[in-house]
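J.: Return atomic coordinates for the entry below.
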Amino acid sequence: MMKEKPEANHKHKLIEYANGPSLEEINSTVKVPKGKSFWRTLFAYSGPGALVAVGYMDPGNWSTSITGGQNFGYLLMSIILISSLIAMLLQNMAAKLGIVTQMDLAQAIRARTSRRLGIVLWIITELAIMATDIAEVIGAAIALYLLFRIPLVIAVFLTVLDVLVLLLLTKIGFRKIEAVVVCLILVILLVFVYQVALSNPDWGAVIKGLVPSATSVANHPTVNGMTPLSGALGIIGATVMPHNLYLHSAVSQTRKINHYDEEEVATAVRFTQWDSNIQLSFAFVVNALLLIMGVAVFKSGAVKDPSFFGLYEALSDPSTLSNSVLIAVAKSGILSVLFAIALLASGQNSTITGTLTGQVIMEGFVHMKMPLWARRLVTRLLSVIPVLICVALTSHLNTIDQHEALNNLMNNSQVFLAFALPFSMLPLLMLTNSQAEMGKRFKNRTWVEILGWVSVIGLTFLNLLNLPDAFVDFLGDNPSQASIQHAHWAAYLVIVIILLLLAWCVADLNQSNQRLQKRQALKNHQEEE
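T.: Below you'll find the predicted structure:
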């Protein structure tokens with residue numbers, strides 16, 4: 001199924017041929033105990049879920065959740081819950097695919113589709129990773145500016161230096177990388193727990209908000225340009241991200257197991273899914289805390305600027321805060337400083353996972369391999385360019401307008417994730433539904449198949465539904481009617497292209513599955529004879 005890497009000496013080359021195990025340097029490098037207690041075994045398998053959970057609490061999520069809370073109170077809590085449950089479902093499939101087939105999602109798609117489609121999907125996924133990286137560049141640069149008053153242009157360039165952090169981490173071993181990521185997640189979690197605890201929210205209303213209702217996806221009312229539906233779509237788009245599915249299918253293979261022992265494979269699947277669900281529960285808590293911040297930490301409608309700059313200023317402005325305890329703490333500046341520290345931690349976490357994902361899709365789709373530091377440098381430099389252009393073009397504007405432009409760039413870059421998401425979800429579901437691919441024991445159960453199809457079709461529909469409005473957002477304030485119409489036509493053209501590519505993908509995967517079934521039936525028949 002997968003070829004061995006050629007023996008030729010390519011050590012001196014920057015780009016090498018790669019068609020071996022996923023993330024070969026760390027594949028099967030972490031030993032796991034056998035016959036030990038539940039908790040000790042769970043601890044050994046814990047870690048990959050943390051790398052995945054990072055993507056569900058990256059800087060792109062923050063303003064969406066806080067603004068949703070400011071505008072609609074706890075109404076959108078149920079959307080965060082549903083998004084998190086869908087994420088758990090999809091991530092469990094991705095981890096299982098990696099462990100059972102010993103291929104990551106990119107390798108599996110490439111093995112089961114034509115070369116042309118594989119290249120198209122590679123380009124789409126690369127662009128999605130760059131879109132995610134733009135949010136990380138903006139978040140990290142703003143955090144450096146807020147904490148150390150480093151000018152934005154210099155701060156943007158400094159974000160490139162995180163490649164040195166990655167170089168250091170690659171030398172210390174994968175288990176230690178997982179530990180670093182967990183520590184940074186705890187920093188983010190503790191910051192928001194502290195701020196929400198001071199705000200003393202209405203926990204009854206929080207629990208009530210977790211119950212889904214039709215009003216959470218209604219087209220009215222419109223508050224500060226946002227409806228419950230657009231807020232819900234923003235949360236969904238910022239929560240379920242395509243690159244996480246590729247990453248999880250690769251890092252789930254870091255544990256060393258005997259793949260010829262079905263029971264050992266089943267144990268690995270079980271504990272990897274436990275790890276994933278626990279870590280994604282932490283991500284749900286962080287996103288819920290962000291929405292609660294929007295409701296309880298700030299006075300209703302007090303945050304006029306939802307950008308990171310605006311939130312930082314609001315946390316140090318007593319007039320925007322909801323109670324005397326918060327006001328007293330805010331005067332010391334600790335609330336805004338903690339917010340900036342959490343923002344920096346989030347950006348650094350995403351750096352680690354984004355680079356690993358980039359390597360996974362490059363190796364899987366086009367069989368090319370680069371050193372992680374080089375991969376990071378190329379991706380980050382490409383992502384820095386639009387941010388620098390935005391900073392340069394808005395340098396003559398007042399501070400608030402420049403902040404708003406950066407915030408718009410970050411939000412608009414996330415639109416591409418909506419474009420890319422179906423091309424990872426649909427193949428993942430079809431591959432894990434296949435008995436020929438996964439075997440009878442590990443293929444998705446019927447209820448998982450049903451929930452999977454509902455999730456994939458539902459998320460794809462909602463993302464495509466939002467594309468026309470997302471295209472209009474690129475036009476800025478007060479676009480002409482003609483411009484809006486052109487944006488809508490462009491969006492409809494993109495939707496048609498997406499649907500045609502999805503149909504191509506389904507056709508290729510179906511044909512491949514049928515060939516695999518015939519091959520296995522022939523093999524079984526020969527063995528019986």
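J.: okay, now residue 335: neighbour count?
T.: 22 (other C-beta atoms under 10 Å). Quick note: C-beta positions are derived from backbone N, CA and C, even for glycine.
J.: One more: residue 392?
T.: 10.
J.: Ok, residue 269 next?
T.: Neighbour number of residue 269 under other C-beta under 10 Å is 22.
J.: check which helix or strand covers it.
T.: Element membership for residue 269 (DSSP states H and E) is helix 262-292.
J.: Let me see the mean pLDDT of the helix or strand following that helix.
T.: Once the chain leaves helix 262-292, the next helix or strand it forms, by DSSP H and E, is helix 308-314. Taken as a whole, helix 308-314 has a mean pLDDT of 84.
J.: so how far is helix 308-314 from its chain's centroid?
T.: Averaged C-alpha coordinates place helix 308-314 at 24 Å from its chain's average position (C-alpha atoms, centre = their mean, to the nearest Å).
J.: For that helix, buried residues please.
T.: Buried residues in helix 308-314, counting neighbours by 16 or more other C-beta atoms under 10 Å, are found at 308-314.
J.: Kindly report the same for stretch 495-509.
T.: Those would be 495, 498, 501, 504-505, 508-509, for stretch 495-509 by 16+ other C-beta under 10 Å.
J.: Need these in CSV (columns: pLDDT, secondary structure and distance to residue 391).
T.: Shown next, in CSV, are the buried residues of stretch 495-509 (pLDDT from 0 to 100; DSSP: H, G, I helix; E, B strand; the rest coil; distance: C-beta to C-beta, whole Å):
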residue, pLDDT, secondary structure, distance to residue 391
495, 91, helix, 32
498, 91, helix, 32
501, 93, helix, 34
504, 94, helix, 39
505, 93, helix, 38
508, 93, helix, 42
509, 92, helix, 43
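J.: picking that back up, who does the helix holding residue 269 touch, helix- and strand-wise?
T.: Counting by 3 or more C-beta pairs under 8 Å, 6 or more residues apart in numbering; DSSP states H and E, the packing neighbours recorded for helix 262-292 are helix 38-45, helix 48-53, helix 59-72, helix 77-101, helix 174-199.
J.: Need the contact partners of the second one.
T.: To tie it back to what came earlier, the one meant is helix 48-53. Contact partners of helix 48-53, identified using C-beta atoms under 8 Å, 6 or more residues apart in numbering, comprise 91, 95, 177-178, 181-182, 185, 244, 247-248, 251-252, 254, 272, 275-280, 282-283, 352-353, 356.
J.: Pull out the buried residues from the residues you listed.
T.: Applying 16+ other C-beta under 10 Å to these flags 91, 95, 177-178, 181-182, 185, 244, 247-248, 251-252, 254, 272, 275-277, 279-280, 282-283, 352-353, 356 as buried.
J.: The helices and strands packed on helix 262-292: which one's closest to residue 491?
T.: helix 59-72 (20.1 Å; C-beta to C-beta).
J.: Now do the helix holding residue 269 and helix 38-45, the angle between them.
T.: 80 degrees (axes from the mean of the first three to the mean of the last three C-alpha atoms, to 10 degrees).
J.: can you tell me how far residue 500 sits from residue 361?
T.: 22 Å (C-beta to C-beta, to the nearest Å).
J.: pLDDT below threshold where in the stretch 251-400 of the chain?
T.: 372, 375-376, 380 (pLDDT under 70).
J.: and with 90 instead?
T.: Applying pLDDT under 90 to the stretch 251-400 of the chain flags residues 258-261, 283, 290, 293-400.
J.: do the stretch 1-150 of the chain as well
T.: Using pLDDT under 90, the stretch 1-150 of the chain drops low at 1-37, 47-73, 110-115, 118-119, 122-146, 149-150.
J.: 50 instead?
T.: Applying pLDDT under 50 to the stretch 1-150 of the chain flags the ranges 1-12.
J.: follow-up on the earlier one: of all the helices and strands packed on helix 262-292, which lies closest to residue 459?
T.: Here helix 77-101 is closest among those (C-beta to C-beta), at 6.9 Å.
J.: Next, the angle helix 77-101 makes with whichever helix or strand comes after that closest one.
T.: Remark: after helix 77-101, the chain's next helix or strand is helix 105-112, criterion DSSP H and E. With the same axes, to 10 degrees applied, the angle from helix 105-112 to helix 77-101 works out at 60 degrees.
J.: and helix 105-112, what does it pack onto?
T.: Counting by 3+ C-beta pairs under 8 Å, 6+ apart, helix 105-112 packs on helix 77-101, helix 115-148, helix 242-251, helix 334-366, helix 422-433, helix 481-528.
J.: Report the angle between that helix and helix 422-433.
T.: Using the same axes, to 10 degrees: helix 105-112 against helix 422-433 is 70 degrees.
J.: which outside residues touch helix 105-112?
T.: 1-2, 22, 94, 97-98, 101, 103, 118, 121-122, 125, 245-246, 249-250, 360-361, 363-365, 424, 427-428, 431, 437, 508-509, 512-513.
J.: How far off centre is that helix?
T.: The answer for helix 105-112 is 20 Å, by C-alpha atoms, centre = their mean.
J.: buried residues in it?
T.: 105-112.
J.: do you know how far residue 263 is from residue 195?
T.: For residue 263 relative to residue 195 (C-beta to C-beta), the value is 46 Å.
J.: Who has more neighbours out of these two?
T.: residue 195 (24 against 8).
J.: wouldn't the more buried one be in contact with residue 294 here?
T.: No: in terms of C-beta atoms under 8 Å, residue 195 does not count as a neighbour of residue 294; the distance is 11.3 Å.
J.: and of the helices and strands packed on helix 105-112, who's closest to residue 54?
T.: With C-beta to C-beta as the measure, helix 334-366 is the member of those nearest residue 54 (4.3 Å).
J.: in its sheet, what does the helix or strand that comes right after that closest one sit against?
T.: Next along the chain after helix 334-366, taking DSSP H and E as the criterion, comes strand 368-369. Strand pairing for strand 368-369, using DSSP bridges, gives strand 16-17 (antiparallel).
J.: Tell me which residues are up against the helix or strand just after the strand it pairs with.
T.: Note on strand 16-17: by DSSP H and E, the next helix or strand toward the C-terminus is strand 30-31. With contact meaning C-beta under 8 Å, 6+ apart, strand 30-31 is reached by 44, 47, 174-175, 254-256.
J.: Identify, from those residues, the entry nearest to residue 385.
T.: The shortest approach to residue 385 among those belongs to residue 174, at 31.1 Å (C-beta to C-beta).
J.: Please tell me how far the nearest residue to the closest one once chain neighbours are set aside sits from residue 122.
T.: Excluding its sequence neighbours, the residue lying closest to residue 174 (C-beta to C-beta, 6 or more residues apart in numbering) is residue 26, at 4.4 Å. Relative to residue 122, residue 26 is positioned 22 Å away (C-beta to C-beta).
J.: Please apply the same query to residue 314.
T.: From residue 314 to residue 122 the distance is 41 Å (C-beta to C-beta).
J.: Without its sequence neighbours, what residue ends up closest to residue 201?
T.: residue 296 (3.6 Å).
J.: I misspoke; the intended subject was residue 285.
T.: residue 189 (6.8 Å).
J.: ok now do that neighbour, which residues does it touch?
T.: Per C-beta under 8 Å, 6+ apart, neighbours of residue 189: 282, 285-286, 289.
J.: Dump those into JSON lines; add distance to residue 400 as well.
T.: Shown next, in JSON lines, are the contacts of residue 189 (distance: C-beta to C-beta, whole Å):
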{"residue": "282", "distance to residue 400": "34"}
{"residue": "285", "distance to residue 400": "32"}
{"residue": "286", "distance to residue 400": "28"}
{"residue": "289", "distance to residue 400": "26"}
